[in-house]
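Participant: Have a look; sequence and predicted model below, questions after that.
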Amino acid sequence: MAAEKKLAGYICTGCGIGERLDAKQLQAVATREGKLPSVKQHPMLCGAEGVKLIQDDIDAGNATHIMIAACSRRSKVEAFSFPTVAMSRANLREGVIWARPEGDEHQETTQEMADDYIRMAAAEIKFMTVPESSGEQELNKTLLVVGGGMTGMTAAVEAAKAGYPVHLVCDEPVLGGVWKDLYKRVPFRAAAFDVPGGNDVDLPQPEDPGLDDLIEQVMANGRITVHLNAKITKTSGAPGRFSADLSMESGRTLTENFGAIVQATDYKPYDANQLPEFAYGTTPDVLTNFEFERLAKQANGAVIKRPSDGRAVKSVAFIQCAGQRSSNAGHLPYCSGFCCTESIKQAMYFKAQNPGCDATILFDDLRTPGAAGEDFYRSGQQAMVTFTKGQASAVVAAGGDLRVKFKDLILNEDTEMVCDLVVLATGQVPNTGPDPYAQLAVDEAPTEEEKAAARAALAVAPPSILNLDYRQGTDLPHLKHGFVDSHFICFPYETRRTGIYAAGPVRRPMDLKQAMDDAVGATMKAIQSLENAARGSAAHPRVGDLSYPRFRKEGCTQCKRCTVECPFGAINEDEQRYPQFNESRCRRCGTCMGACPVRVISFDNYSVDTVGQQLKAVDVPDEFSEKPRILCLACENDAYPALDMAAQSGEHITPFARVIPVRCLGSVSLSWVTDALNSGYDGIVLMGCRRDDDYQCHFVRGSAMAAERLSKVGDTLTQLNLETERVAVHEVAITDLKRAPAILNEMAETITRIGMSPFKF
Amino acid sequence: MGELNTAMIERYRNSFLKEVEANVEEGEWVKMCMQCGVCSGSCPLGKFWEHPPQEIFMMIRAGKREAVLQSESVWMCTSCYNCIVRCPRELPITHIMHGLAHYAKRLGLVPKTNPTAKFAQMFWDNLMVKGRINELKLGLALYFMNGFGDGIKVALKNQKLGMAMMKTGRMNPKEAFGGHAVKDLAGFHKVLKKAQELEDARIAQNGPPAGA
Ligand code: SF4
Ligand code: SF4
Ligand code: SF4
Ligand code: SF4
């Protein structure tokens, strides 16, 4: 590491680069302005011969820091993989020749673009070092699975199958959790495809829940240690070296070390006492779906009888969405997604067990996600369950009968039906710990009203499950309604606490099959994470990255911005109240780096300098040249690939833009913006991911943090007497192939309209 | 017929759906409707129906026996098959509509003034005489369906069309006197008798015991 820096540049003239650009000129820029002592060209650098050219220099000790000017850093990653040296890449293919039209009239500005990218990559490489892990890692293959339900048991069995030992912690005296009362389960299969005789042959039927079988597998597995009636009183550490205190039934506390954690604490049944309109609590013949399942289990295939008088049920009504999908106080605003199929299954019990019984399902939308899906709906219809599109408003108990008042939504009339039993399709409430940011929400609420709401939420916060000894709270952060936050589309199991994975209804409502599938996914991710932690490399999305935040303690003012803004709660505090970075809890987003006002946080291969020097290396022509400069800081996860792909599909961008990829918009240091303005850039475009509740940000909160920081840039511009339009922040998705280039072109037009920046030297 | 109706009510009490399953052609499909409304939206006449097909199926499930069997709606179907082609659940809707109409007729519940039902009867009676349709007689019967004065008026209005048809040999005025029959009229009647027997046997199987 400490050895002398040997800089070397390699310019590829393949893929049309040599034809479209003046390679001699590029070589001259790299040598004279980039100050690279050695610059070589090759007609196909990514080919075996080209790669060998580079590798030979490295092996001979002639290159420790290399600049490759060829295609985008996203292309040819396998070919250009030189893990022992620091590397920067000038994007001449996607970034220049593909993004620009051919023709003499464009040649000058296109060449200038390429020259600048060489200057930038040459400047960047000087400030990079080969990332190296701290060397403090160890491999701990043991997993902690929290929750003894079907989800947790599946996670344990899967981990054990993969060869990883598991401790399964269950806070009840028996395994099974919320699923243990199942008489049958919603089928795990759909109808076979293309069955002779039509679509309605061989439809899926309610199945044995498979609980006993799973418990047996868990108990018989030598790799799984089960702790019943146990709780976690403290969890500390980081991936690869978690330590958890398990308080056992005996009163003893067991401290164990783990590589990673899976939280599969499932859900709590909704409290139907909040549904007096359906006579819940006034008669035992109105039950929730959870309670009814127990009744069915007791009946065990025999005639199902009414709880009140033991009479065989002759007609039953199911009220869908009871206390759900509603904005009423005490109701769940979301759809629990399992209760429609659950009701179909339960209605089929009556059809099978109570001869001649009428079973009616009152639904508004019948939603059947999951394996059996629509086929199960048809199965219920074939069994003669009556499906009535209607909205129930009240249940009245009168003379032994129940009257269900509802509005028939097809016939558009208020009507009622008489039955013996009513089953309320109630929902799932996630069984999670308190939101670690609930207090912050109170502190930061902008209005008194919101503050009161945040305070109310804090007051009813559930007890902790993980008891994390993290500065940022005891449990996994929530998204909405108490569900654990995770990147819903791309990384559903990754929570905001690295190495701790959420499986099943803790992250969104779901049925048993989905929860068990979830358990498999989360467990595989947990294994990956502990293996990564052992190598000192990052978990998603920068998998394999060995760099981690380094921090110059002397400069730190203890402002705590990094600690607060880190979306993953990776930073603790040491005894002297300095931030304490946790390499393996870190996702390498750089949000802390962007947050730090005194710029003391950096990575080996990414820092305030690696970007700052690039933007300063750009040649800024004078005010009268009609050649403005637009700096674009683009998120490497979405915006940068979008620009690459746009170029590939023939979209053109203004020749005045200079694009620098950033790890996350959250890593953007305000100093880059001020530096750019001071160096005479005419416009700055920042492209990050969508940041609201349906966020796309790969680092969850990075983009949102950046937007907040950048909201103050307007003041800076006004102070400098510059137009506020010169800085624009955009949400860009990876699919924005037309929009991303258009945003840059718009900025060029804006500059034409408002004029060049007066800050050119 | 009134008797049969009472018997049916007794037999099925509150499950009209089961009654439909047992007695209406393709009635076993009704339970599979998922209430999407595509049929009603596809029916070219749907907006003129008091209860378009989707609603009819809901009414059957809601036990609205009289309203369905006495409705004019089931007689509105023109057999265009638009709905069948589009129904995502592949219900043979057209056939069910005709099945319901037929069942209503069996039970004597057809609304007295329903023109489609009237026309269907006229068509049938006309057909039975010679084993083929006598268009002239059917046309005239239709004109005079609503009384003599009305009939003259309609006939005069269509005079030109009638003349043209005669000229081109599409209508023979001689047909007004007897008209010609199919080659084997006795055989034709035999076929229909057999069909009726089969139908009766089917009904006997599903419906109430004979004599109810
Ligand atoms: S799954 Fe069905 S019953 Fe449950 S909330 Fe959603 S729509 Fe309502
Ligand atoms: S790089 Fe990101 S995850 Fe790592 S400590 Fe900084 S803010 Fe946290
Ligand atoms: S189209 Fe088919 S499924 Fe939809 S309402 Fe009509 S009959 Fe029912
Ligand atoms: S077949 Fe009958 S019900 Fe179906 S669309 Fe045509 S007219 Fe309407």
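Facilitator: Done, it's in. Ligands and ions are numbered 1, 2, ... in the order given.
Participant: okay, CA-based contacts and neighbour counts for the rest of this
Facilitator: Noted.
Participant: tell me the domain ranges of chain B?
Facilitator: By the record's domain assignment, chain B is partitioned as B:2-113, B:115-191 (automatic domain parsing).
Participant: Quickly compare these and say which is most buried.
Facilitator: Comparing those by mean neighbour count (mean count of other Cα atoms under 10 Å in any protein chain shown), domain B:2-113 comes out on top with a mean of 19.
Participant: for residue A:682, what are its contacts?
Facilitator: The contact partners of residue A:682, by Cα atoms under 8 Å, 6 or more residues apart in numbering or on different chains, come to A:628-630, A:726, A:751, A:756-757.
Participant: Roughly how far does residue A:21 sit from ligand 1?
Facilitator: For residue A:21, the distance to ligand 1 equals 59 Å [Cα to the nearest ligand atom, to the nearest Å].
Participant: Please disregard the earlier target; I meant residue B:94.
Facilitator: The span separating residue B:94 from ligand 1 equals 31 Å under the rule Cα to the nearest ligand atom.
Participant: Next: residue B:190.
Facilitator: The separation that residue B:190 has from ligand 1, given Cα to the nearest ligand atom, amounts to 56 Å.
Participant: now, among the contacts of residue A:682, which is nearest to residue A:582?
Facilitator: Distance to residue A:582, by Cα to Cα, is smallest for residue A:630 among those, at 36.4 Å.
Participant: neighbours around that closest one, how many?
Facilitator: Residue A:630 is surrounded by 27 other residues when neighbours are defined as other Cα atoms under 10 Å in any protein chain shown.
Participant: now swap in residue A:362 and tell me
Facilitator: A count of neighbours around residue A:362, defined by other Cα under 10 Å, yields 25.
Participant: Close to chain A: what parts of chain B are there?
Facilitator: Contact residues, chain B versus chain A (Cα under 8 Å from any Cα of the partner chain): B:31-32, B:35, B:55, B:58-59, B:61-62.
Participant: List just the nearest of those residues to ligand 1.
Facilitator: Proximity of the residues of chain B next to chain A to ligand 1 was ranked by Cα to the nearest ligand atom; the top entry is residue B:35 with 15.3 Å.
Participant: Against residue A:40, how distant is that closest one?
Facilitator: In this structure, residue B:35 lies at 71 Å from residue A:40, with Cα to Cα, to the nearest Å as the measure.
Participant: just residue A:434 next, same as before
Facilitator: Distance check for residue A:434 against residue A:40: by Cα to Cα, it reads 58 Å.
Participant: how about the closest residue to ligand 1 within chain B, what does it touch?
Facilitator: Closest to ligand 1 within chain B is residue B:34: 14.6 Å, counting by Cα to the nearest ligand atom. Counting by Cα under 8 Å, 6+ apart, residue B:34 makes contact with residue B:89.
Participant: Any stretches of chain B with poor pLDDT?
Facilitator: Scanning chain B for pLDDT under 70 picks out the ranges B:1-3, B:7-14, B:206-212.
Participant: ok, now with 80
Facilitator: Scanning chain B with the threshold set as pLDDT under 80 gives B:1-14, B:145-147, B:171-179, B:203, B:205-212.
Participant: the strands in it, which residues?
Facilitator: Under the criterion DSSP state E, chain B carries no strands.
Participant: Show residues contacting the helix ranked longest in it.
Facilitator: Of all segments of type helix in chain B, defined using DSSP state H, the longest is helix B:185-206. When contacts are defined by Cα under 8 Å, 6+ apart, helix B:185-206 is touched by residues B:22-23, B:128, B:130-131, B:210.
Participant: farthest pair in the residues you listed?
Facilitator: Within these, B:22 and B:130 form the most distant pair, 33.9 Å apart (Cα to Cα).
Participant: returning to that earlier point: out of the residues of chain B next to chain A, which comes closest to residue A:365?
Facilitator: residue B:35 (10.3 Å).
Participant: so who does the closest residue to residue A:527 other than its chain neighbours touch?
Facilitator: Using Cα to Cα, 6 or more residues apart in numbering or on different chains and skipping the chain neighbours, the partner closest in space to residue A:527 is residue A:260 (7.1 Å). With contact taken as Cα under 8 Å, 6+ apart, residue A:260 is in contact with A:142-144, A:239-240, A:242, A:499-500, A:526-527, A:529-530.
Participant: Tabulate the residues you listed (TSV), appending neighbour count and pLDDT.
Facilitator: What follows is the contacts of residue A:260, written out as TSV (neighbours: other Cα atoms under 10 Å in any protein chain shown; pLDDT from 0 to 100):
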residue	neighbour count	pLDDT
A:142	26	98
A:143	28	98
A:144	28	98
A:239	33	95
A:240	29	95
A:242	22	97
A:499	29	96
A:500	29	97
A:526	30	97
A:527	23	97
A:529	28	96
A:530	30	96
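Participant: Please narrow the residues you listed to those residing in helices.
Facilitator: With helices defined by DSSP H, the entries of the contacts of residue A:260 inside them are A:526-527, A:529-530.
Participant: hmm, back to that, counting neighbours, which of the contacts of residue A:682 comes out on top?
Facilitator: Neighbours here are counted as other Cα under 10 Å. On that basis the top member of those is residue A:630, with 27 neighbours.
Participant: from the stretch 151-300 of chain A, which residue is nearest to ligand 2?
Facilitator: Per Cα to the nearest ligand atom, the residue of the stretch 151-300 of chain A with the smallest distance to ligand 2 is residue A:238, at 12.2 Å.
Participant: From residue A:230, how far off is that residue?
Facilitator: 22 Å.
Participant: what do you get for residue B:94?
Facilitator: For residue B:94, the distance to residue A:230 (Cα to Cα) stands at 63 Å.
Participant: what does chain B have sitting close to ligand 4?
Facilitator: In this structure, chain B approaches ligand 4 at residues B:42-44, B:77-83, B:94, judged by Cα under 6 Å from any ligand atom.
Participant: just to revisit the earlier point, ok, for the residue of the stretch 151-300 of chain A closest to ligand 2, nearest residue in space, not its chain neighbours?
Facilitator: residue A:585 (5.5 Å).
Participant: ditto for residue A:593
Facilitator: The spatial neighbour of residue A:593 that comes closest, neighbours along the chain excluded (Cα to Cα, 6+ apart), is residue A:601 at 5.0 Å.
Participant: quick one: secondary structure of residue A:69?
Facilitator: Following DSSP: H, G, I helix; E, B strand; the rest coil, we place residue A:69 in the strand state.
Participant: Beta-bridge partners for it, please?
Facilitator: Here residue A:69 sits in beta bridges with residue A:11, residue A:90, going by DSSP bridges.
Participant: quick revisit: same list, the contacts of residue A:260, but as CSV with distance to residue A:592 please.
Facilitator: Rendered in CSV, the data for those read as follows (distance: Cα to Cα, whole Å):
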residue, distance to residue A:592
A:142, 30
A:143, 29
A:144, 29
A:239, 19
A:240, 22
A:242, 23
A:499, 19
A:500, 21
A:526, 25
A:527, 27
A:529, 22
A:530, 23
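Participant: Any figure for the gap between the most centrally placed residue in chain A and residue A:548?
Facilitator: For chain A, residue A:487 is the residue whose C-alpha lies nearest the centre (Cα atoms, centre = their mean; 1.6 Å). Separation of residue A:487 from residue A:548 (Cα to Cα): 22 Å.
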